[in-house]
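**Q** need a structure here:
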Amino acid sequence: MFRKDLVTMVDCDKTKTVEELELAFIPIWIRITKLPFGLMHRAMEEVIGGQVGEFMEMEKEDDSLTVGRYMCIKIRLDIRKPLMRGVTVCVEKKGEEDKLDWCPLVYEFLPDFCYTCGSISHIDKVCGVKL
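**A** Numbers count the residues shown, from 1 in each chain. This next block holds a predicted model:
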């Protein structure tokens, strides 16, 4: 980031032109809040990371349970898609009904983004979506 503006970079590939380079992904840390203690493990981090973006790494690199107020993971986020405000997780299966919980996401060091459509690629002053 430069000030609060996003700067994307990719490794130079000498076989591609500038137009072929994909400047659409950023690595970013997210906190998954209000997640039940029994679901704070690496497998759940990978599942949630795959829903939000592409899972890269976790704060704690072993497979033990994480105990705390939130779980922190690093993902590769596509800035062309709107930001997710949270994820729904299945806490318990009881017959045909599942007990679901909403877990809000907190993006760390998030650059300026559009509050109207949730995209990181522009701010709300230049958004084409009208409410």
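**Q** what about residue 99, how many residues close to it?
**A** Residue 99 has 11 neighbouring residues, counting by other C-beta atoms under 10 Å. All C-beta atoms are positioned from the backbone trio N, CA, C, and that covers glycine.
**Q** that's a strand at it, yeah?
**A** Yes. If the criterion is DSSP: H, G, I helix; E, B strand; the rest coil, then residue 99 is within a strand.
**Q** Could I get the full set of helices for this protein?
**A** 42-52 (DSSP state H).
**Q** Which of the helices and strands in this protein ranks last by mean pLDDT?
**A** strand 86-94 (a mean of 85; mean pLDDT, DSSP states H and E).
**Q** separation between the residue lying closest to residue 29 once chain neighbours are set aside and residue 79?
**A** The shortest distance from residue 29 to any non-neighbouring residue, by C-beta to C-beta, 6 or more residues apart in numbering, is to residue 108 (4.3 Å). With distances taken as C-beta to C-beta, to the nearest Å, residue 108 is found 15 Å from residue 79.
**Q** rewinding a little: close enough to count as contact, the residue nearest to residue 29 and residue 30?
**A** Yes. Assessed by C-beta atoms under 8 Å, residue 108 is found in contact with residue 30 at 6.8 Å.
**Q** Need the residues touching each of these two.
**A** residue 72 (C-beta atoms under 8 Å, 6 or more residues apart in numbering).
**Q** Tell me which of these two has more neighbours.
**A** The residue with more neighbours, out of residue 108 and residue 30, is residue 30; 24 against 10, by other C-beta under 10 Å.
**Q** Quick one: residues contacting the spatially most central residue of the chain.
**A** For the chain, the residue nearest the mean C-alpha position is residue 52 (4.4 Å; C-alpha atoms, centre = their mean). With contact taken as C-beta under 8 Å, 6+ apart, residue 52 is in contact with 30, 75, 77, 84, 87, 105.
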